[in-house]
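> Any chance you could fold what I've pasted below:
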Amino acid sequence: MTHRERIQAAFAGRWTDRTPIFDQTVFSNVASAAMGRPLDVGGGELRYKEVCSWLAGEASHAAFVEKMLQDVVWLCRQVGYDMVRMPWRETRRPAAQIDEHTFLFGDRSDIWAVCAYSPDTGNWHEVDNYLRHDGVDRLIEDIRR
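Numbering: from 1, shown residues only. Here you go, the predicted structure:
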């Protein structure tokens, strides 16, 4: 069976020649170490790098996305995955960089969030947002909008 046939059969509930394989996420640092070259394929580092590329301009972001797509496909082919899954990305453009690893998204007078990258853990996470300050009433207002 081809990769495509294997995936289609599995989703249709039919027998396959073997269990189809893929990973939901492979962190970039893990893939880079395993494959012996820098790869941008997933995890918090990928989201951090995408935000940094947005700050460097349109051309930088376009180059980042192109490299990421090539890296994801290359890795999947190298390890024999049957299906490619796009990594979780940070597609919001940052409004400002607060420090080396912390970014503001949105407008502090309206809807905003602060996200940070932790190089020690490889995590990218929201550390603050407008709802933590404005509360449930603001959330209800946003839902109604």
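> so where do the strands sit in this protein?
96-99, 102-106, 112-118, 123-129 (DSSP state E).
> In the second one, which residues are buried?
For strand 102-106, a neighbour-count test (16 or more other CB atoms under 10 Å) marks 103, 104, 105, 106 as buried. (C-beta placed from N, C-alpha, C; glycine too.)
> One more: the last one?
If you call a residue buried by 16+ other CB under 10 Å, then strand 123-129 has these buried ones: residue 124.
> Over to the shortest one?
With burial defined by 16+ other CB under 10 Å, not one residue of strand 96-99 is counted as buried.
> The third one too?
Judged by neighbour count using 16+ other CB under 10 Å, the buried positions of strand 112-118 are 112, 113, 114, 115, 116, 117.
> Redo the buried residues of strand 102-106 as CSV? Include distance to residue 41 and pLDDT.
Compiled in CSV, the buried residues of strand 102-106 are given as follows (distance: CB to CB, whole Å; pLDDT from 0 to 100):
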residue, distance to residue 41, pLDDT
103, 21, 98
104, 26, 98
105, 23, 98
106, 28, 96
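> which one of the residues you listed is nearest residue 53?
residue 103 (12.2 Å; CB to CB).
> That closest one contacts residue 51, correct?
Yes - when contacts are counted by CB atoms under 8 Å, residue 103 is listed as touching residue 51 (5.4 Å).
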